[in-house]
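1. Compute the structure for the input listed below.
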Amino acid sequence: MGVPLPRPAALHARLDLPIEEWSYLDEAVLLETRSRKACMTCHWFRHYAGVNCIPMLTCQLHQGLIAHGEHLTSRCQGWTDDMTRQRGWAPEVA
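-> Presented below is the predicted three-dimensional model:
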(Lines give C-alpha, C1' and ligand atoms only; values in the text may rest on other atoms or scores of the structure.)
Protein backbone atom coordinates (compact mmCIF):
# COMPACT_ATOMS: atom_id res chain seq x y z
CA MET A 1 0.00 0.00 0.00
CA GLY A 2 1.18 3.57 -0.69
CA VAL A 3 2.26 6.12 1.84
CA PRO A 4 -0.65 8.41 2.82
CA LEU A 5 -0.28 12.16 2.38
CA PRO A 6 0.23 14.19 5.56
CA ARG A 7 -3.03 15.50 7.01
CA PRO A 8 -3.75 18.35 9.42
CA ALA A 9 -4.05 17.12 13.01
CA ALA A 10 -7.72 18.10 13.28
CA LEU A 11 -8.61 16.16 10.14
CA HIS A 12 -6.50 13.17 11.17
CA ALA A 13 -8.40 12.99 14.48
CA ARG A 14 -11.74 12.86 12.56
CA LEU A 15 -10.77 9.86 10.46
CA ASP A 16 -12.40 6.91 12.19
CA LEU A 17 -11.94 4.24 9.54
CA PRO A 18 -9.01 3.35 7.31
CA ILE A 19 -9.49 4.77 3.81
CA GLU A 20 -9.89 1.30 2.35
CA GLU A 21 -13.08 0.87 4.42
CA TRP A 22 -14.75 4.13 3.36
CA SER A 23 -17.90 3.80 1.27
CA TYR A 24 -18.30 5.29 -2.20
CA LEU A 25 -20.05 8.65 -2.51
CA ASP A 26 -23.34 8.52 -4.44
CA GLU A 27 -25.72 10.89 -6.22
CA ALA A 28 -26.99 12.20 -2.88
CA VAL A 29 -23.57 13.85 -2.35
CA LEU A 30 -22.08 14.24 -5.83
CA LEU A 31 -23.66 16.51 -8.43
CA GLU A 32 -22.82 16.46 -12.13
CA THR A 33 -20.87 19.51 -13.30
CA ARG A 34 -19.53 20.85 -16.58
CA SER A 35 -17.22 23.42 -15.06
CA ARG A 36 -13.73 23.38 -13.61
CA LYS A 37 -15.36 22.98 -10.19
CA ALA A 38 -15.02 19.20 -10.21
CA CYS A 39 -13.78 16.90 -7.44
CA MET A 40 -10.30 16.76 -8.97
CA THR A 41 -9.82 20.53 -8.51
CA CYS A 42 -11.23 20.61 -4.97
CA HIS A 43 -9.18 21.31 -1.84
CA TRP A 44 -10.54 18.12 -0.22
CA PHE A 45 -9.67 15.75 -3.11
CA ARG A 46 -6.86 13.23 -2.48
CA HIS A 47 -5.62 10.08 -4.18
CA TYR A 48 -3.73 7.15 -2.70
CA ALA A 49 -2.12 4.01 -3.99
CA GLY A 50 -4.38 1.21 -2.79
CA VAL A 51 -3.94 -2.55 -2.88
CA ASN A 52 -1.86 -3.62 -5.91
CA CYS A 53 -1.12 0.10 -6.50
CA ILE A 54 -4.64 0.74 -7.83
CA PRO A 55 -5.42 4.44 -7.24
CA MET A 56 -8.08 5.25 -4.66
CA LEU A 57 -9.77 8.62 -5.15
CA THR A 58 -11.10 10.18 -1.95
CA CYS A 59 -12.98 13.16 -0.56
CA GLN A 60 -11.54 14.09 2.81
CA LEU A 61 -14.53 16.35 3.58
CA HIS A 62 -17.10 13.54 3.24
CA GLN A 63 -14.70 10.73 4.15
CA GLY A 64 -15.75 8.78 1.09
CA LEU A 65 -14.34 7.16 -2.00
CA ILE A 66 -14.97 8.60 -5.46
CA ALA A 67 -15.53 6.24 -8.38
CA HIS A 68 -12.98 6.52 -11.18
CA GLY A 69 -14.14 9.10 -13.71
CA GLU A 70 -16.54 10.76 -11.26
CA HIS A 71 -13.70 12.99 -10.04
CA LEU A 72 -13.72 14.64 -13.50
CA THR A 73 -17.47 15.17 -13.91
CA SER A 74 -18.85 15.64 -10.39
CA ARG A 75 -18.62 17.91 -7.37
CA CYS A 76 -20.42 18.39 -4.06
CA GLN A 77 -21.84 21.43 -2.28
CA GLY A 78 -18.62 21.62 -0.22
CA TRP A 79 -16.34 22.24 -3.24
CA THR A 80 -13.65 24.81 -2.54
CA ASP A 81 -10.48 26.04 -4.25
CA ASP A 82 -7.24 24.68 -2.85
CA MET A 83 -5.00 27.01 -0.87
CA THR A 84 -2.67 27.60 -3.84
CA ARG A 85 -5.51 28.98 -5.95
CA GLN A 86 -7.02 30.91 -3.02
CA ARG A 87 -3.84 32.65 -1.85
CA GLY A 88 -1.27 32.21 -4.59
CA TRP A 89 1.77 29.98 -4.80
CA ALA A 90 3.84 31.78 -2.16
CA PRO A 91 1.74 34.31 -0.25
CA GLU A 92 3.57 37.17 1.42
CA VAL A 93 3.84 36.80 5.19
CA ALA A 94 3.35 40.02 7.12
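2. where along this structure do the strands fall?
-> 31-32, 45-49, 55-59, 64-66, 74-75 (DSSP state E).
3. Using CSV, lay out those strands together with mean pLDDT.
-> As requested, those are exported to CSV (pLDDT from 0 to 100):
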stretch, mean pLDDT
strand 31-32, 95
strand 45-49, 93
strand 55-59, 95
strand 64-66, 96
strand 74-75, 96
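4. For the ones you listed, give me TSV that also has mean neighbour count and distance to Met83.
-> Using the backbone N, CA and C atoms, a C-beta is placed for each residue, glycine as well. Output for these, formatted as TSV (neighbours: other C-beta atoms under 10 Å; distance: least, C-beta to C-beta, whole Å):
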stretch	mean neighbour count	distance to Met83
strand 31-32	12	23
strand 45-49	16	13
strand 55-59	19	17
strand 64-66	21	20
strand 74-75	22	18
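5. Which one, of these, ends up nearest to Trp22?
-> strand 64-66 (5.1 Å; C-beta to C-beta).
6. Quick one: list the elements packing against that closest one.
-> strand 55-59 (3 or more C-beta pairs under 8 Å, 6 or more residues apart in numbering; DSSP states H and E).
7. Name the residues that touch stretch 73-86?
-> When contacts are defined by C-beta atoms under 8 Å, 6 or more residues apart in numbering, stretch 73-86 is touched by residues 25, 29-34, 37-39, 41-44, 59, 61-62, 66.
8. residue nearest the centroid of the chain?
-> Phe45 (1.7 Å; C-alpha atoms, centre = their mean).
9. what's Leu17 in contact with, if anything?
-> Taking C-beta under 8 Å, 6+ apart, one finds Gln63 in contact with Leu17.
10. and it, what pLDDT?
-> The score at Leu17 is 79. That number is its pLDDT.
11. Show me where the chain has its helices.
-> Under the criterion DSSP state H, helices of the chain are mapped to 9-14, 70-73, 83-87.
12. Could you list the buried residues of the shortest one?
-> Right, helix 70-73. Neighbour-count burial for helix 70-73 flags 70-71 (criterion: 16 or more other C-beta atoms under 10 Å).
13. For that helix, what does the pLDDT average out to?
-> Mean predicted confidence for helix 70-73 is 95.
14. That concludes my questions; thank you for your assistance.
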